[in-house]
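Enquirer: coords below, sequence missing:
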DNA sequence: TGTTACATGGACTAAATAGTCCAAGTTCGG
DNA sequence: CCGAACTTGGACTATTTAGTCCATGTAACA
């Protein structure tokens, strides 16, 4: 029987488990991460795993949520500036930098997880889709602000622009990942910039 | 000890195995496809599996190659017309249709496989990257033909355009897959069209 | 007719892994 | 200091799976 922790100590342990699983899975993938691996990394006994999670699937769902949080938190400030051209440039540069800095480009953790879990558990897919939706929402809000300030052409649709931006970025991240070439992310960033600039008033 | 088939019959059997594995993995993923599943689907004894493939990894590599072939063959004719605006529109429509027609959008099989194998086996990653490279090459050749006919602006770069196109398409496929929404592919197709049109002379 | 490649099918090993269970110890707030 | 929540750690089961091995049988061709 799985429980929800009732004390700060319990919550910390549960959090440690999710964190460990998220780290391991981000690096090695779902298939190559066993519960024993998680147990070791989190410095927790196996009983604790099953105290807080009914089964592996449940933990995997938490990992999906945690991965989304990680990705969104990592770009929160930069995303907040996605409402001016220079802010957009800064945001895109930050995304490119992330791929450049890593020893090897890893793409988008949300997308990578989706490839492994989306067709296996519907609930997990929804969590990941929600993560992407929140990302897109951040982009959309910035673009809407620009539109309200009259900086976009009258026929430009901020919602569509946000959707296009997310698609282009995801495409760039995927190619950077598969090709092990962060330059692919630079190209995607430039493409986004061109699409946005074409919508400027 | 694994062998390469020496007769037509042997080659057919080997091909049947790869085909079965490719089908199963495309549908269920690498982690959820066992060699016994492949054995059943291919109507082959286990001994045959190990007669033609040294181990599971080797079969997985063949599956990667086979998946690339499948994806590229499926768009060969349409891709051949990627050298006029109407041809490009037809090509994009065909890609969109593929996602619309499927009961549920599956995205790009190459990308999906990459998410599962790219970080596990370098040789497999290279095979998948090569598949994407050939795809991009098809796009590039069409755009180069347009450039040579003077249909593109002097400052337009067909190579860059092809790269951008592939990225946008992959982004659209990924979003269509995760969101179970073929409309995402339509948006990506329209985005590609806008980018290409912006490069017209 | 004999040889070679192809094929069956099941027995078998070895390892990994999910999940269960329990008995005993620790932490800490009320 | 009592009790509830937390924690350990390992034993245990059951299942799946990759990979090996072998005896037997068939297709086809020189």
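Expert: Looks like it arrived, so ask away. Bear in mind that the values here come from a model prediction, so they are computed numbers and not experimental data.

Enquirer: Give me the mean pLDDT for the longest helix belonging to chain A.
Expert: Looking across chain A with DSSP state H, the single longest helix is helix A:122-148. Across helix A:122-148, pLDDT averages out at 98.

Enquirer: Just the buried residues of that helix, please?
Expert: For helix A:122-148, burial by neighbour count (16 or more other C-beta atoms under 10 Å in any protein chain shown) applies to A:124-129, A:131-133, A:135-136, A:138-144, A:146-147. C-beta here means a position set from N, CA and C on the backbone, and glycine is covered the same way.

Enquirer: give me the subset of the residues you listed touching chain B.
Expert: Subset of the buried residues of helix A:122-148 in contact with chain B: A:125, A:128-129, A:132, counting by C-beta under 8 Å from any C-beta of the partner chain.

Enquirer: The residue lying closest to residue A:172 once chain neighbours are set aside and DNA strand D: what is the separation?
Expert: Of all residues not flanking residue A:172 in the chain, residue A:188 sits nearest, at 2.3 Å (C-beta to C-beta, 6 or more residues apart in numbering or on different chains). Relative to DNA strand D, residue A:188 is positioned 36 Å away (C-beta to the nearest atom of the strand, to the nearest Å).

Enquirer: Equivalent analysis for residue A:153, please.
Expert: With C-beta to the nearest atom of the strand as the criterion, residue A:153 and DNA strand D are 55 Å apart.

Enquirer: Give me the neighbour count for that residue.
Expert: For residue A:153, the count of nearby residues is 12 (other C-beta atoms under 10 Å in any protein chain shown).

Enquirer: Repeat that for residue A:193.
Expert: Neighbours around residue A:193, by other C-beta under 10 Å: 16.

Enquirer: where along chain A do the strands fall?
Expert: Assigned by DSSP state E, chain A shows no strands.

Enquirer: Check the residue positioned nearest the centre of chain A and give its pLDDT.
Expert: Of all residues in chain A, the one closest to the mean position by C-alpha atoms, centre = their mean is residue A:71, 3.6 Å from it. Note on residue A:71: pLDDT of 98.

Enquirer: Show me what counts as buried in stretch A:176-195.
Expert: Counting neighbours by 16+ other C-beta under 10 Å, stretch A:176-195 gives A:176-193, A:195 as buried.

Enquirer: Take those and keep only those in helices.
Expert: Those of these mapping onto helices are A:176-179, A:183-193, A:195, per DSSP H.
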